[in-house]
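**Q** need a structure here:
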Amino acid sequence: MIPAMRSGSGPLAAPEKASGWRGSREIWLEAAKQALISSGVDAVKIQPLANQLHIARTSFYWFFKDRQALLDELLKEWRVKNTGAFEEACGAYAETISEAVLNLIVVFHDEVQFEPQLDFAIRGWAHQSDAVAARVNEADESRLAAIRAMFERFGFEAEEADVRARTVYLTQIGYISMQVKESAAVRMARASGYVKTFCGQAPSPSELARFYARLKYDPSASA
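**A** Down below sits the predicted model:
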């Protein structure tokens, strides 16, 4: 929210682009995220972002203390959204382990829940920063812990749960790191096989139907 008053000054005029529009915290953050995704962390700089947004550079400081504060917020958003998506999916209701794995696979397909390009960009940034690398390692451990707990909930012993969790997770990270491009039809056709590989149990037709419905996919359209 734009402050109504600033120390040492009177009330602000209505935020209009033609007369000192400052944007918003969300606008600056989204522009920074897109710059990170498209060009890497070195592109996340205040003046280029201001030029792109057609906003005065000084407006940035209404929302962030400095560039580092913006970078910290990018990392926080990535952690909350991308790692949060894994944790939420792994804790979601499921009657069988195959249904639980399908809940998790939804995350891999739904970029509203999980942004693979953002994950790729953060991992690239980690090569330039030990602090970011530590945050990535922490996120990976949190995601793996959530997947392990999911398997253990369905009776898998700790060691097997760990191996299966790594199989699931490292497969997905491989898709991200290799920037694999597949059509929806191809990925959906493989879903049942992946589930069986990951947990040893193929999903039932009704479980697959619910999975397709969640992703608004019609298998008959691709037949």
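**Q** what sits against the closest residue to Ser204 other than its chain neighbours?
**A** Leaving aside its sequence neighbours, Ser204 sits nearest to Ser98 (C-beta to C-beta, 6 or more residues apart in numbering; 7.1 Å). C-beta: built from backbone N, CA, C; applies to glycine. Neighbouring residues of Ser98 by C-beta atoms under 8 Å, 6 or more residues apart in numbering: 195-196, 199, 201-204, 207.
**Q** dump these into CSV; add pLDDT, neighbour count and distance to Ile46 as well.
**A** Below are those laid out as CSV (pLDDT from 0 to 100; neighbours: other C-beta atoms under 10 Å; distance: C-beta to C-beta, whole Å):
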residue, pLDDT, neighbour count, distance to Ile46
Val195, 98, 25, 46
Lys196, 97, 14, 50
Cys199, 97, 23, 47
Gln201, 96, 14, 52
Ala202, 97, 14, 52
Pro203, 98, 23, 49
Ser204, 97, 14, 53
Glu207, 97, 21, 49
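**Q** tell me which residues touch the residue most central in space within the chain, please.
**A** Geometric centre of the chain, nearest residue: Asn82, 2.9 Å, by C-alpha atoms, centre = their mean. Listed by C-beta under 8 Å, 6+ apart, the contact set of Asn82 reads 114-115, 118-119, 139.
**Q** which of the residues you listed sit farthest apart?
**A** Pairwise distances across the contacts of Asn82 peak at 13.1 Å for Glu115 and Ala139 (criterion: C-beta to C-beta).
**Q** returning to that earlier point: show me the contacts of Ser98 that map onto helices.
**A** Among the contacts of Ser98, the members falling in helices (DSSP state H) are 195-196, 199, 207.
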